[in-house]
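> Sequence unavailable; structure follows:
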């Protein structure tokens, strides 16, 4: 993938790792962060670093320097809806996409979430052809942001990762030792960071062309089976599930393994 100019809006846990991998492949990479420490790390690894901050009413930073001349843009910014449920994620996305249109970026990749799909008692299966049906406030805002990218980008790919794991990051660390955990028989939907970034690199290289991609790599074991075994593997206290509770959940599958 040499000679491609790639911008990553949001070099967090996923985006920073991707930036380094793309740089190793010979790409010219630009990355953004609000953290001065992360900006320094990007620069030290040969990534052109930009401090850009998307607020509700304005974008702060050198947007022109970041966007001008890009071949591919990856948008990987957290919605921030847990800390601020009133945040208008779709509007912030639209605000940025107006600049994307001005600088005529050919391809936009948008990191979304499988929370665009509803959990139900019948444990539905959702693939890339499934229509997002979330009724939660967060889910509806993410659906709206997806639609804005699809409408405003020249070409777009929506990537919906399941729960991200990798290195030292794993949900068992939050669940270890807890008791009465709900939904013991609901399937686990998880994906490694390496798998997500592999899919992204295939899209950028033109090896994978799709409007929507689900990123899932781990087996769909039951939550109880998966997390109890994970606790043993990590040397942590085994969580206890509520076997009497009803099971709400979903199964995320992908046509792109």
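It's in. As the structure is a computational prediction, the values presented were derived from the model and not from experiment.

> Show the contacting residues for the closest residue to residue 176 other than its chain neighbours.
Spatially, and ignoring its direct neighbours in sequence, residue 176 is nearest to residue 236 (3.8 Å; C-beta to C-beta, 6 or more residues apart in numbering). No exception for glycine: its C-beta is placed from N, CA and C like everyone else's. By C-beta atoms under 8 Å, 6 or more residues apart in numbering, residue 236 lies in contact with 172-173, 176-177.

> quick one: strands adjacent to the lowest-mean-pLDDT helix or strand in the chain?
Here the helix or strand of the chain ranked lowest by mean pLDDT, DSSP states H and E is strand 53-54, holding a mean of 92. Partner strands and pairing direction for strand 53-54 (DSSP bridges) are strand 59-60 (antiparallel).

> Report the mean confidence score over the partner strand.
Across strand 59-60, pLDDT averages out at 94.

> same question, stretch 17-25
95.

> Now do the buried residues in that stretch.
For stretch 17-25, a neighbour-count test (16 or more other C-beta atoms under 10 Å) marks 17-23 as buried.

> Okay, helices next: where are they in the stretch 1-150 of the chain?
For the stretch 1-150 of the chain, applying DSSP state H, counting those that start in this stretch gives helices covering 13-24, 36-44, 63-67, 89-102, 137-152.

> With distance to residue 76 added, can I get those helices in a markdown table?
Output for those, formatted as a markdown table (distance: least, C-beta to C-beta, whole Å):
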| stretch | distance to residue 76 |
| --- | --- |
| helix 13-24 | 4 |
| helix 36-44 | 13 |
| helix 63-67 | 14 |
| helix 89-102 | 12 |
| helix 137-152 | 12 |
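
> burial measure for the closest residue to residue 32 other than its chain neighbours, as a count.
Spatial nearest neighbour of residue 32, excluding adjacent residues (C-beta to C-beta, 6+ apart): residue 52 at 4.3 Å. Per other C-beta atoms under 10 Å, the neighbour tally for residue 52 reads 21.
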